[in-house]
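[1] Everything below, folded, please.
(chains A and B)
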Amino acid sequence: SQKIEQNSEALNIQEGKTATLTCNYTNYSPAYLQWYRQDPGRGPVFLLLIRENEKEKRKERLKVTFDTTLKQSLFHITASQPADSATYLCALDTPSNTGKLIFGQGTTLQVKP
Amino acid sequence: SAVISQKPSRDICQRGTSLTIQCQVDSQVTMMFWYRQQPGQSLTLIATANQGSEATYESGFVIDKFPISRPNLTFSTLTVSNMSPEDSSIYLCSTLLSGWEQFFGPGTRLTVL
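    Model (predicted):
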């Protein structure tokens, strides 16, 4: 079965720096990969989707890369702000192509002023 | 986007009892999903609930324990039956709109004593 690995340790960075989060998967290559943000006590919020034939996707200060050879996605937040502090979840679709997702454990980002 | 509400937002229940969680979407949607997020863990899909058909359960989840209703295109319920402390989790519903990104409700935090 598909396994997703995200850094379990919290990532602490200084405001203004670029945060880079990693998502590795072990089995089949998904048709698409998604990143979500989750704040304490709230449901995840969708950020970006990248398809298997896309190398990179950008949205404002966010950038996602997708390397199907390495089975890895990198999620970057440039010019990070304390408001970016949250848990970021990586999610992959399943071969059933029904919209079902498998989520990683998430990486908690703490941006210090 | 979609606005999704859940009731109750939290509850404390005694073991052996059942709790029904409601999920309301502000627009008509075909697919709805129910997830469980145990303390410190990521989201695990319980089942997919499509209107007009029986819910489809993931491995490790059964209908007797987690019966689901989907009476119309804007509403679904998940019941956690015969609860034990191991059922203490956050339960989230989500839906798809036009794309593959999921929109989540705020979650229901369940504590079983």
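[2] Please count neighbours and contacts with C-alpha atoms only from this point.
    Noted.
[3] The residue nearest the centre of chain B - nearest residue in space that isn't next to it in sequence?
    Chain B has B:Trp34 as the residue nearest its centroid, 3.5 Å off, counting by C-alpha atoms, centre = their mean. Using C-alpha to C-alpha, 6 or more residues apart in numbering or on different chains and skipping residues adjacent in sequence, the residue nearest B:Trp34 is B:Cys93, 4.5 Å away.
[4] That neighbour contacts B:Gln102, doesn't it?
    No - here B:Cys93 does not reach B:Gln102: they are 9.7 Å apart, not a contact under C-alpha atoms under 8 Å.
[5] residues near the nearest residue in space to A:Ile13 that is not next to it in sequence, how many?
    Excluding its sequence neighbours, the residue lying closest to A:Ile13 (C-alpha to C-alpha, 6+ apart) is A:Val111, at 5.1 Å. Using other C-alpha atoms under 10 Å in any protein chain shown, A:Val111 is surrounded by 21 other residues.
[6] Would you agree A:Val111 falls within a strand?
    Yes - under DSSP: H, G, I helix; E, B strand; the rest coil, A:Val111 sits within a strand.
[7] Bridged to B:Tyr91, which residues?
    B:Tyr91 has the following beta-bridge partners by DSSP bridges: B:Arg36, B:Thr108.
[8] more crowded one of B:Cys93 and B:Gln102?
    Higher neighbour count among B:Cys93 and B:Gln102: B:Cys93, with 33 against 25, using other C-alpha under 10 Å.
[9] Make sure I have this right: that one is in a strand.
    Yes - counting by three-state DSSP, B:Cys93 is part of a strand.
[10] and it, what is it in contact with?
    B:Gln6, B:Cys23, B:Met32, B:Phe33, B:Trp34, B:Tyr35, B:Phe104, B:Gly105, B:Gly107 (C-alpha atoms under 8 Å, 6 or more residues apart in numbering or on different chains).
[11] hmm, back to that, which residues does the residue nearest to the centre of chain B contact?
    B:Trp34 touches B:Leu45, B:Ile46, B:Ala47, B:Thr48, B:Ala49, B:Leu78, B:Tyr91, B:Leu92, B:Cys93, B:Ser94, counting by C-alpha under 8 Å, 6+ apart.
[12] Surely the fourth one touches B:Thr56?
    By that I understand B:Thr48. Yes - the pair B:Thr48 / B:Thr56 is scored as a contact, 5.2 Å apart, by C-alpha under 8 Å.
[13] So between these two, which is more surrounded?
    B:Thr48 (23 against 16).
[14] For that one, list each beta-bridge partner.
    B:Phe33, B:Thr56.
[15] how near is it to B:Phe33?
    Using C-alpha to C-alpha, to the nearest Å, one obtains 5 Å as the distance from B:Thr48 to B:Phe33.
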